[in-house]
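> below are the sequence and a predicted model; questions follow.
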Amino acid sequence: MTESDYKQVTGYIDRLHADIGKLIVLVERLMEEEGFVPFPSGTRISWDLSNSYLDPDRWRISYIVRFFAPAGEEDFATSLMYFILLETKTVFPFPAMLCARIDHARLPEVELSKHLSNVAPLVSLAQEKPHWGTIRQEGGWNMAEPAEETPLHRLQGYFLNLFDLADRRQVVDNVVMPLTTAGAHLDELLTVPSYGFGTYKEEIV
Amino acid sequence: MTIAEIHGKSPLTTSEDFLTADVFTAFRYLPADSGIAGFLRSIEGVPNIIPAVSERASAEFFFWPLGCVGQLERAREPDVLVELDIDGTLYHIVVEAKYLSGPSDYETVEIERDEEIVQWGNQLADQLRELGRGEYTVYQQGTRDMPKMLTSRRENRLLLYLTAHPLKPVAEMARARALGRPHWTSWYDVYDYLAGQQEHLNAFPYNRILEDVLTLLRLKGFSSFEGVAWPPQLELDENSGSFWLGRSKPLPPFYGIRQPPVIALSVKNGSFWKEQENRI
């Protein structure tokens, strides 16, 4: 039996969410194995959804974000994160996944969470004019520094095409190891293409 | 029941007992080394207890044993008792499996066990205590009346908490911690392990056993990450470029619900997003 176009499209969205759900679970496990624990937000992946009839643009999840901290440390200077963009207002023609290390003031998680809860700067990294002071490349990584004084000093990261992550091995190689291996040159780690900030310019790996 | 359920003939798709029976029946029919023993050794901490096995290893499965011999107040009924024989050394594994429910805890009471008064009510703690005691009653010819005394060394016994959680249920595990450390695994891990055996166990009947149980686990949503499904091929209106941007904001007035984009005929054979779910 052939499904209607409506069911094909809606079914795909359900399937996309299910696949990303499995990816999130996998990353949580792998990060724990590497000694990093998620910020204390439980299983929450977004603060963006609305169930108000006045806000239909926010009925569907537009981003997913998870932050990780070194296990057992009460305050720390670097957080790891990934941020999956499921909205269409980006330069990328695919669902993009930002993987990043954020250097910040040494703060407890509760305090840090307040500064990280604003995802607008992260969204802007996937748009043509990122709202950051400077953006440059270093060691294969893309570096972004805020324009204003803030406890968040620097973000170093890269975008991936979610469709490029096909199995556990690729998640280890392209998400977990780059995030948890400090000081490594990004090009020596990645096995799938990565993309910079603010532009859709494919980099050959 | 595996065949009935994967063909949509079972009304008991939410049954914890049926899922447990289906999966451990598969393990029962697979070689012990690459089946149950290999799976157990894939669980964190277990290789410290169960050594690497050879083809000579054997496994006996006792489904729903009673954690006592004779009539004993509030005895627990774990799902499976596995007896592994590895080079003449016995290992016993009690499996407490969960699907849609949590542990069967109840208000803690004090009861007498082995001439001492103990706290009883936490399912995992109770089962750890029973495992240490090592006295079970198992089924024989359809009747549960055969005493089974574990002759393994106590350090060769472990309690396995098998759940549907994708991540370790730390709080549930911690409540049993006073009496020992149960090990944890999930149905997702069972899927991953068995899927990893397909290349090795590719001859009849093992290939069929694996295929069926993997299909069952996949239908229940226990497959792990295998990439993100590609969207259907859309035929967009050339004039607009993006069908969802066809109308501009603000939203009111209402002009009706937009039609979905047209899916190319080549991908309209059924439901493309279900294809991956049904593929092994």
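Received the coordinates, thanks. Keep in mind the model is a prediction, meaning the values are calculated, not measured. Residues are numbered from 1 along each chain as shown, chains lettered A, B, ... in the order given.
> let's verify B:Leu84: helix, strand, or coil?
Following DSSP: H, G, I helix; E, B strand; the rest coil, B:Leu84 is assigned to strand.
> how many residues are close by residue 143?
Just so you know, I chose chain A. Neighbour count for A:Met143, taken as other CB atoms under 10 Å in any protein chain shown: 17. To be clear about C-beta, it is placed using only N, CA and C from the backbone, and glycine gets the same treatment.
> let me rephrase: I mean chain B.
There are 7 residues near B:Thr143, going by other CB under 10 Å.
> beta partners for it?
As for beta bridges, B:Thr143 partners with B:Gln140 under DSSP bridges.
> now stretch B:14-28, how far from the centre of its chain.
8 Å (CA atoms, centre = their mean, to the nearest Å).
> should've said stretch B:139-148
Worked out by CA atoms, centre = their mean, stretch B:139-148 lies 25 Å from the chain centre.
> for residue 59, which non-adjacent residue is spatially closest?
Chain wasn't specified; assuming chain A. In space, and not counting its chain neighbours, A:Trp59 is closest to A:Ser50: 6.5 Å by CB to CB, 6 or more residues apart in numbering or on different chains.
> could you do chain B instead?
B:Ala32 (4.1 Å).
> quick check, that neighbour in contact with B:Ile50.
No - using CB atoms under 8 Å, B:Ala32 is not in contact with B:Ile50; the gap is 11.0 Å.
> between those two, point out the one with more neighbours.
Counting neighbours by other CB under 10 Å for B:Ala32 and for B:Ile50 shows that B:Ala32 has the greater number, 23 against 20.
> do the helix ranked longest in chain A and chain B meet?
Across chain A, the helix with the greatest residue count (assigned by DSSP state H) is helix A:5-33. Yes - using CB under 8 Å from any CB of the partner chain, helix A:5-33 reaches chain B at A:5-12, A:14-16, A:18-20, A:22-23, A:25-26, A:28-29, A:32.
> what residues does the host helix or strand of B:Leu216 touch?
Applying DSSP states H and E as the criterion places B:Leu216 in helix B:206-219. Contact with helix B:206-219 is made by B:2-3, B:5-6, B:19, B:22-23, B:26, B:29-31, B:187, B:190-191, B:194-195, B:197-198, B:201, B:223, B:277-278, B:280, as judged by CB atoms under 8 Å, 6 or more residues apart in numbering or on different chains.
> please redo it, this time with the cut-off set to 6 Å
Contacts with helix B:206-219, where a contact means CB atoms under 6 Å, 6 or more residues apart in numbering or on different chains, come from B:2, B:6, B:22-23, B:26, B:29-30, B:191, B:194-195, B:198, B:201, B:280.
> for chain A, tell me which of the residues you listed show up nearby.
Within the set of the contacts of helix B:206-219, contact with chain A (CB under 6 Å from any CB of the partner chain) is found for no member.
> narrow the residues you listed to just the buried residues.
B:2, B:6, B:22-23, B:26, B:30, B:191, B:194-195, B:201 (16 or more other CB atoms under 10 Å in any protein chain shown).
> and the two most separated of these?
B:Ile6 and B:Leu201 (18.8 Å; CB to CB).
> spell out which parts of chain B neighbour chain A.
B:166-167, B:224-225, B:227-229, B:231-232, B:260, B:262-263, B:268, B:271, B:273.
> ranking those residues by neighbours, who comes first?
Among the residues of chain B next to chain A, B:Trp273 has the most neighbours (other CB under 10 Å), with 25 neighbours.
> so is the host helix or strand of A:Arg106 next to chain B?
Using DSSP H and E, A:Arg106 sits within strand A:96-108. No - counting by CB under 6 Å from any CB, chain B has no neighbours in strand A:96-108; the shortest distance is 9.8 Å.
> can you give me the helices in chain B?
Using DSSP H, helices in chain B cover B:2-6, B:16-29, B:36-41, B:123-133, B:170-174, B:187-196, B:206-219, B:272-278.
> coming back round to it: what subset of the residues of helix A:5-33 next to chain B is buried?
A:5, A:8-9, A:11-12, A:15-16, A:18-20, A:22-23, A:25-26, A:28-29.
> who touches stretch A:28-40?
By CB under 6 Å, 6+ apart, the residues outside stretch A:28-40 that reach it are A:66-68, A:71, A:80, A:109, A:113, A:176, A:180, B:167.
> just the buried ones from the residues you listed?
For those, buried by 16+ other CB under 10 Å: A:66-68, A:80, A:109, A:176, A:180.
> just give me the closest of the residues you listed to B:Gln141.
Distance from B:Gln141 was checked for each of those by CB to CB. The minimum falls on A:Val176, at 51.3 Å.
> B:Gln127: what's it in contact with?
By CB under 6 Å, 6+ apart, the neighbours of B:Gln127 are B:76, B:78, B:94, B:96, B:159.
> where does chain A have low pLDDT?
A:1-2, A:201-205 (pLDDT under 70).
> okay, helices next: where are they in chain A?
Going by DSSP H, chain A shows helices at A:5-33, A:109-116, A:120-124, A:168-171, A:177-180, A:186-189.
> nearest to B:Thr13 among these would be which one?
helix A:5-33 (17.7 Å).
> give me the contact list for stretch A:184-204.
Under the contact criterion CB under 6 Å, 6+ apart, stretch A:184-204 has outside partners A:91-92, A:125, A:128, A:130, A:135, A:139-142, A:144, A:158-159, A:164, A:173-174, A:177-178, A:205.
> which of those residues are close to chain B?
On the criterion CB under 6 Å from any CB, none of the entries of the contacts of stretch A:184-204 sits beside chain B.
> one step back: show me what the strand holding A:Arg106 is packed up against.
With contacts taken as 3 or more CB pairs under 6 Å, 6 or more residues apart in numbering or on different chains; DSSP states H and E, strand A:96-108 sits against strand A:75-85, strand A:152-161.
> highest mean neighbour count out of the ones you listed?
Greatest average neighbour count among the helices and strands packed on strand A:96-108 goes to strand A:152-161 (a mean of 22), per mean count of other CB atoms under 10 Å in any protein chain shown.
> what's that one in contact with?
By CB under 6 Å, 6+ apart, the residues outside strand A:152-161 that reach it are A:94, A:96-104, A:115, A:141-145, A:194-195.
> what is the neighbour count of residue 92?
Here I'm looking at chain A. 18.
> let's do chain B instead
B:His92 is flanked by 23 other residues according to other CB under 10 Å.
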